[in-house]
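*Asks:* Need the 3D shape of this:
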Amino acid sequence: MTRSQFWKTATWIALYSAILAGCATGSAQQPAGNSTGTSATQDKSPAAVATGTEETGKTANPRVHEFRLDNGLKILVKQDSRAPVVVSQVWYKAGSSYEQNGTTGVAHVLEHMMFKGTDKYGPNEFSRIISENGGSENAFTGQDYTAYFQQLEKSRLPIAMELEADRMANLNLSAEEFGKEIQVVMEERRMRTDDNPKAKTYELFLATAYTNSPYHHPIIGWMNDLKNMTVEDAQKWYNDWYAPNNATLVVAGDVDPGQVLALAKEHYGRIPPAKVPKLKPQQEVVQNGVRRIVVKEPAQLPYLLMGYKVPVIKTAELEWEPYALEMLAHVLDGSDSSRFTRDLIRGKAMAASIGAGYDLFSRMDELFLFDSTPAQGFTVADLEKEIRAQIERLKTELVTEKELERIKNQVVASKIYEQDSIFYQAMQMGTLETVGLDWRLTDEFVDRFRTVTAEQVQQVAQKYLIDERLTVAVLDPQPINPKSIASNHGGAPHAQ
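*Replies:* Residues are numbered from 1 along each chain as shown. Have a look, this model is predicted:
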């Protein structure tokens, strides 16, 4: 898929597919004995505390009900009765951007360890029980969050809640299980990044683009940090961030909000809140010119990455700018009638693939990305020149009203189709709440997007798509030695 499609849909739908392929739950299938070692129960075990009275906020969407328990757990319930199924998701404000140098990757490692047993359930019992009840489950780690989910027939929701609440409070982190799982994660890194030239280029591209932003380091972590990680690092991460007052429970499907609240009180309400660390602001330093890197890796084809630092909804001083940047991405990429496809793939036949994209729902400033693989007979230098020409055209010529209207209609249609997935609906709300935005933005997006004008698209192109904000990475393909190609075994797909 193109980079634009990645940013617009992978966070939701493509990510869902990756999750179902397996991450933590499929990572270590060997039978294991009883866990031993340090347990988190001494600090986080459920206590006989009152659940209190929920706080119900007024919502613009009558199908969404919002509650908060006395221990700080935020609950969002979205009713969708088209099928007798339910999705339950728990989101923690604890992604890779919360990590410190030296322990990068610990958020993802802890995600794996969350399936390795509690005082009540042994290693991998969580997955077995959900499967026996006809459900699917998994987890995923991002830059700004870690989330766990189950999808089941609606009468099985109490089972999912009981299991999820248990591991929120009573996870057993044994040195034995950690030793096995850290090897799985390192193999996952080898398979998904070290042996993948495009992924390796993208990782080094981010490390070049960001100087002090925590988006600098990869979600899966640097290999040296993984090699030196200890079970105590994972234990500290769990103790610091896994608490009801740092989590959001999202339930969507054929459910009754009152019954969901009662279940949440029963299973989560007795877990006491914790003192969650306060993050210090980490504002990226000002960039003063183009940054360039060349990555030499065994590969068949060259590859180009370009990224401009831009604000997101959370950080923008002018609230319309992220929506104008999103419109700009659609002008260049996003459909067969977009400019990149029309001009550079079908027209000049310069690009084998090309895309533009932007994630406006991040916690901190992001990169407006371009990526491309040249067609035979062309180089990455040719593609960079053409991409820059397309950008200059946006700066000097207004997008036509006809083009804007076509894009707006396409986006409205895609938003309607997105509602076919209750998992997607829950994931939208969970993501927004966890990065510090209001979940209602999911309902407001189309109206805000519709207001974007051609003049605003031109203004953001002129303001943000400039060399002082640009980083360029080029994959320079080296000869491939067949003997050095690693076999695809071990590890597990990771939903980043």
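
*Asks:* Hmm, F449 is touching A329, no?
*Replies:* No - look at F449 against A329 with Cβ atoms under 8 Å: they stay out of range, at 11.4 Å. Glycine gets a C-beta too; all of them are placed from N, C-alpha and C.

*Asks:* can you tell me which residues contact the residue nearest to E401 when sequence neighbours are not counted?
*Replies:* Leaving aside its sequence neighbours, E401 sits nearest to A454 (Cβ to Cβ, 6 or more residues apart in numbering; 6.9 Å). A454 is in contact with 398-401, 404, counting by Cβ atoms under 8 Å, 6 or more residues apart in numbering.

*Asks:* So which of these are in strands?
*Replies:* When DSSP state E is applied, the contacts of A454 are split such that none fall in strands.

*Asks:* Format those as TSV; extra columns: distance to P477 and pLDDT.
*Replies:* Output for these, formatted as TSV (distance: Cβ to Cβ, whole Å; pLDDT from 0 to 100):
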residue	distance to P477	pLDDT
L398	39	98
V399	36	97
T400	39	96
E401	43	96
L404	39	96
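
*Asks:* Please indicate which of those are buried?
*Replies:* 399, 404 (16 or more other Cβ atoms under 10 Å).

*Asks:* Can you tell me which of the contacts of A454 lies closest to Q478?
*Replies:* The shortest gap between Q478 and any of the contacts of A454 belongs to V399, at 40.5 Å (Cβ to Cβ).

*Asks:* mind listing what's buried in whichever strand or helix holds Q459?
*Replies:* For Q459, the enclosing helix or strand under DSSP states H and E is helix 454-464. Within helix 454-464, the residues that count as buried by 16+ other Cβ under 10 Å are 454, 456-461, 463-464.

*Asks:* Between F449 and A329, point out the one with more neighbours.
*Replies:* A329 (25 against 18; other Cβ atoms under 10 Å).

*Asks:* okay, that one: pLDDT?
*Replies:* If you check A329, the pLDDT there is 97.

*Asks:* ok, now the one 5 residues further on?
*Replies:* The predicted local confidence for G334 comes out at a pLDDT of 83.

*Asks:* could I get stretch 119-130 in CSV with only the CA atoms?
*Replies:* Output in CSV follows, covering the C-alpha atoms of stretch 119-130 (Å, rounded to 0.1, in the frame of the first residue of the first chain):
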residue,chain,number,x,y,z
ASP,A,119,-1.4,-15.4,40.3
LYS,A,120,-4.7,-16.9,39.0
TYR,A,121,-3.9,-17.9,35.5
GLY,A,122,-0.7,-19.5,34.1
PRO,A,123,1.3,-18.5,31.0
ASN,A,124,-0.8,-18.3,27.8
GLU,A,125,-4.0,-19.2,29.7
PHE,A,126,-5.5,-15.9,28.8
SER,A,127,-5.4,-16.7,25.1
ARG,A,128,-6.6,-20.3,25.6
ILE,A,129,-9.7,-19.2,27.6
ILE,A,130,-10.7,-16.5,25.0
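
*Asks:* For it, buried residues please.
*Replies:* For stretch 119-130, by 16+ other Cβ under 10 Å, it's 121-124, 126-127, 129-130.

*Asks:* From those residues, pick the one nearest N228.
*Replies:* Scanning the buried residues of stretch 119-130 for proximity to N228, where the rule is Cβ to Cβ, the winner is P123, at 23.9 Å.

*Asks:* Can you tell me the element the closest one falls in?
*Replies:* Residue-wise, P123 maps onto no helix or strand under DSSP H and E.

*Asks:* Could you pull up phi and psi at it?
*Replies:* phi -60, psi 130 (degrees, to the nearest 10).

*Asks:* Hmm, E177 and it touching each other?
*Replies:* Yes - contact criterion Cβ under 8 Å: P123 and E177 qualify, at 6.1 Å.

*Asks:* what about the closest residue in space to Q79 that isn't next to it in sequence, distance to A426?
*Replies:* Of all residues not flanking Q79 in the chain, R63 sits nearest, at 4.7 Å (Cβ to Cβ, 6+ apart). Counting by Cβ to Cβ, to the nearest Å, the gap from R63 to A426 is 12 Å.

*Asks:* repeat for G357
*Replies:* Taking Cβ to Cβ, one finds G357 at 23 Å from A426.

*Asks:* circling back: between the buried residues of helix 454-464, which is closest to I313?
*Replies:* Using Cβ to Cβ, these come closest to I313 at V460, 13.4 Å.

*Asks:* Tell me which residues touch that closest one, please.
*Replies:* Counting by Cβ under 8 Å, 6+ apart, V460 makes contact with 310, 321, 324-325, 328.

*Asks:* Nearest to K236 among these?
*Replies:* Closest to K236, out of all of the contacts of V460 and judged by Cβ to Cβ, is V310, at 33.9 Å.

*Asks:* I'd assumed S362 was in contact with that closest one.
*Replies:* No - under the criterion of Cβ under 8 Å, V310 is not in contact with S362, lying 10.2 Å apart.

*Asks:* which SS class is S131?
*Replies:* At S131 the chain is in helix, as set by DSSP: H, G, I helix; E, B strand; the rest coil.

*Asks:* Find the nearest non-adjacent residue to it, please.
*Replies:* E137 (8.0 Å).

*Asks:* Then N481?
*Replies:* Residue nearest to N481 in three dimensions, not counting chain neighbours: P298, with 6.7 Å by Cβ to Cβ, 6+ apart.

*Asks:* I'd guessed the one you found sits against P479; true?
*Replies:* Yes - using Cβ under 8 Å, P298 is in contact with P479, at 6.6 Å.

*Asks:* now the helices: where do they sit in the stretch 1-150 of the chain?
*Replies:* 3-5, 15-21, 41-44, 106-113, 125-132 (DSSP state H, counting those that start in this stretch).

*Asks:* And for the last one, what's in contact with it?
*Replies:* Outside helix 125-132, the residues within contact range by Cβ under 8 Å, 6+ apart are 25, 115, 117, 121, 136-137, 150, 152, 159-160, 163, 167.
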